[in-house]
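Enquirer: have a look at this fold, sequence not included:
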């Protein structure tokens, strides 16, 4: 009995000793679990990054759409390339799927809020951009590009939109230009090709400063990098123009940023804004490559430099620019949250601020039927440029005309707008339209003017009808409507139809041996004629 009692007491003592040792190893107080906290300082969706005083918001959208009679990744109307020609390589429809991811961070400091923002788009669309022509999607051909090769099974691409830092009124990085309106090229439309004004909706590299004066009045000034978003083309006319009135881009390198700014009043009734921009226009050299590569061979591209370029001279640089006035009227009597937006633009040597899109500015080459005897088809074209020049010295391979060697800045003006109506909380529609005009100043026959030099260059190597008249001026009109259904919050289905009309100014017919290029025939007459195209887009989009 004594033995059993001793064992029990010993075991109890041992257990107490072990328990005491374990208790001594435990911390005095367990560390609190850190939960994600909601940040209500900057609106819904923000939360604090754990362990910091920085708020972050993740967002974006997923979009699927089908575009009929339009481009692939650009979703442009059928106004150039194989869709514009209407040949058998064009796709009747093009599909696109995209997911956009956005990251927005904000931190309160003694100098104000520090903000960073970025957006990446993951996109897969129709191979070749609405064409299956080997010239466009086969990289083994010397004339081919490579953009279509990304759109293979499992392929696609990532595009970068906004990437910027904001601090104490300054913005640094890829953001909307200080010239832009809040709606850019989208007063009520889905299409990224409503012409008539400025559009930097996906951002341009810049530095800008915004001053707030209270009561919704502000002013912004900035410096934009024009390389990607604010240049069209400059043509050296010494080497002639192609069938559709275009040539190699002879822009020189960038030496100065665009100087841009706006004054804005943004209040409960709506918005009014005045914008201005100054843009440097410069040509590369008078002596450039004007010899086409032999069939099946790789040669210098048009307007490429030669060994004579640097010693052959160049045109003097000129400054152009643009101005824009914009107006938005909110809560008009037609319905709750209805509004009307409009902007009017004028440019000289800065055509991208009128013939603008979310991609590069288009030049137009559209084909259609004809009732003219002896003509194969009709064609309408318009070359989008910032300037042209004709050197005042003879150059190898030149057209044989001499000008004054000075840049002739292209003028353009445009207007666009939309009426946006909400039928009820689930249905809405927008009626939108635009009108754009491009003008080459001067007179035919005067080689010291843009129109005279352009028409002299276009006439080389072509045959024309007796009633031919040259005029490179053109207008583009657009009218469209989109209707949206939002059955649940942040999920929208829409259908958009657009009519685009090219009003060209040439008269008569044109014939060349090569013609417009394969598969179009050469050696036949094409009638100059206005052209029309129609586009339909069906879209589903979920915002998050």
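Expert: Here it is on my side, so go on. Just so you know, these numbers come straight off a predicted model, no measurement behind them.

Enquirer: going forward, measure contacts between C-alpha atoms and count neighbours the same way
Expert: OK.

Enquirer: wait, isn't residue 185 in contact with residue 195?
Expert: Yes: using C-alpha atoms under 8 Å, residue 185 makes contact with residue 195 at a distance of 7.4 Å.

Enquirer: find residues that contact each of these two.
Expert: 356-357 (C-alpha atoms under 8 Å, 6 or more residues apart in numbering).

Enquirer: residue contacts, residue 233?
Expert: By C-alpha under 8 Å, 6+ apart, residue 233 lies in contact with 249-251, 384-387.

Enquirer: from those residues, which ones fall inside strands?
Expert: Secondary structure from DSSP state E places residue 387 of the contacts of residue 233 in strands.

Enquirer: verify the stated contact: residue 221 with residue 264.
Expert: No: between residue 221 and residue 264 there is no contact, the gap being 11.6 Å when judged by C-alpha under 8 Å.

Enquirer: where are the low-confidence patches of the stretch 301-450 of the chain?
Expert: 396-397 (pLDDT under 70).

Enquirer: just checking, what packs against the helix or strand harbouring residue 454?
Expert: Assigned by DSSP states H and E, residue 454 belongs to helix 450-458. Helix 450-458 sits against strand 387-389, with contacts defined as 3 or more C-alpha pairs under 8 Å, 6 or more residues apart in numbering; DSSP states H and E.

Enquirer: show me what the strand it packs on is in contact with.
Expert: By C-alpha under 8 Å, 6+ apart, strand 387-389 touches 233-237, 281, 315, 349, 403, 405-410, 450, 453-454.

Enquirer: residue 208 pairs with what?
Expert: Beta-bridge pairing for residue 208 (DSSP bridges): residue 171, residue 222.

Enquirer: whoops, residue 340 was the one
Expert: Residues in beta-bridge contact with residue 340 (DSSP bridges): residue 329, residue 419.

Enquirer: doesn't residue 352 belong to a strand?
Expert: No: according to DSSP: H, G, I helix; E, B strand; the rest coil, the state of residue 352 is helix, so it is not within a strand.

Enquirer: 42 is where my numbering starts, stick with that
Expert: New numbering, starting at 42: the last item is residue 393.

Enquirer: list the contacts of it.
Expert: Residue 393 touches 239, 270-273, 402, counting by C-alpha under 8 Å, 6+ apart.

Enquirer: same thing but 10 Å
Expert: Going by C-alpha atoms under 10 Å, 6 or more residues apart in numbering, residue 393 touches 236-240, 267, 270-274, 363, 401-403, 425-427, 453.

Enquirer: select from the residues you listed every entry located in strands.
Expert: 363, 453.

Enquirer: restricted to buried residues, select the contacts of residue 393 in ChimeraX.
Expert: Typed into ChimeraX, the next command selects the buried ones out of these (criterion: 16 or more other C-alpha atoms under 10 Å):
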select :236,237,238,239,240,267,270,271,272,273,274,363,402,403,425,426,427,453
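
Enquirer: leaving out sequence neighbours, find the closest residue to residue 579.
Expert: Distances taken as C-alpha to C-alpha, 6 or more residues apart in numbering put residue 536 closest to residue 579, at 4.7 Å, once the chain neighbours are dropped.

Enquirer: mind listing what that neighbour touches?
Expert: For residue 536, the contact set (C-alpha under 10 Å, 6+ apart) comprises 106-108, 231, 470, 522-526, 577-581.

Enquirer: so what sits opposite the residue lying closest to residue 413 once chain neighbours are set aside in the bridge?
Expert: Spatial nearest neighbour of residue 413, excluding adjacent residues (C-alpha to C-alpha, 6+ apart): residue 568 at 7.2 Å. For residue 568, the beta-bridge partners under DSSP bridges are residue 419, residue 550.

Enquirer: look up the pLDDT of residue 568 for me, please.
Expert: Looking at residue 568, its pLDDT is 98.

Enquirer: for residue 76, same thing?
Expert: Residue 76 is assigned 72 on the pLDDT scale.

Enquirer: circling back: distance to residue 545 added to the contacts of residue 274, as CSV?
Expert: As requested, the contacts of residue 274 are exported to CSV (distance: C-alpha to C-alpha, whole Å):
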residue, distance to residue 545
290, 22
291, 24
292, 25
425, 13
426, 15
427, 18
428, 19
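
Enquirer: how is residue 139 assigned, secondary-structure-wise?
Expert: With three-state DSSP as the basis, residue 139 sits in strand.

Enquirer: that one and residue 198, how far apart?
Expert: In this structure, residue 139 and residue 198 are 10 Å apart, going by C-alpha to C-alpha, to the nearest Å.

Enquirer: same check, this time on residue 352
Expert: For residue 352, the distance to residue 198 - C-alpha to C-alpha - is 42 Å.

Enquirer: who has more neighbours out of those two?
Expert: Just comparing residue 352 and residue 198: by other C-alpha atoms under 10 Å the higher neighbour count belongs to residue 198, 13 against 10.

Enquirer: overlap in contacts of residue 139 and residue 198?
Expert: Counting by C-alpha under 10 Å, 6+ apart, the residues touching both residue 139 and residue 198 are 162-166.

Enquirer: how about the residue nearest the centre of the chain, phi and psi?
Expert: In the chain, the C-alpha nearest the mean C-alpha coordinate belongs to residue 399, at 1.8 Å (C-alpha atoms, centre = their mean). When read as degrees, to the nearest 10, the backbone of residue 399 gives phi -80, psi 0.

Enquirer: got any residues that touch both of residue 262 and residue 305?
Expert: residue 316.

Enquirer: quick check: buried residues in stretch 412-420?
Expert: Residues of stretch 412-420 classed as buried: 416-420 (neighbour count, 16+ other C-alpha under 10 Å).

Enquirer: of the residues you listed, which is the nearest to residue 84?
Expert: residue 420 (53.2 Å; C-alpha to C-alpha).

Enquirer: how about that closest one, what does it touch?
Expert: 125-126, 285, 405-411, 545, 547, 550-551, 557, 567-572.

Enquirer: for residue 551, see how far away residue 397 is.
Expert: 29 Å.

Enquirer: and the two? Which one has more around it.
Expert: Shown here are residue 397 and residue 551; by other C-alpha under 10 Å, residue 397 has more neighbours (26 against 23).

Enquirer: I'd say that one and residue 236 touch.
Expert: Yes: with contact defined as C-alpha atoms under 10 Å, residue 397 reaches residue 236; the gap is 5.5 Å.

Enquirer: what is in contact with the two at once?
Expert: Applying C-alpha under 10 Å, 6+ apart, one finds that residue 397 and residue 236 are jointly contacted by 226, 403, 477.

Enquirer: in a strand, the first one, correct?
Expert: In this case it means residue 226. No: under three-state DSSP, residue 226 sits outside any strand and is assigned coil.
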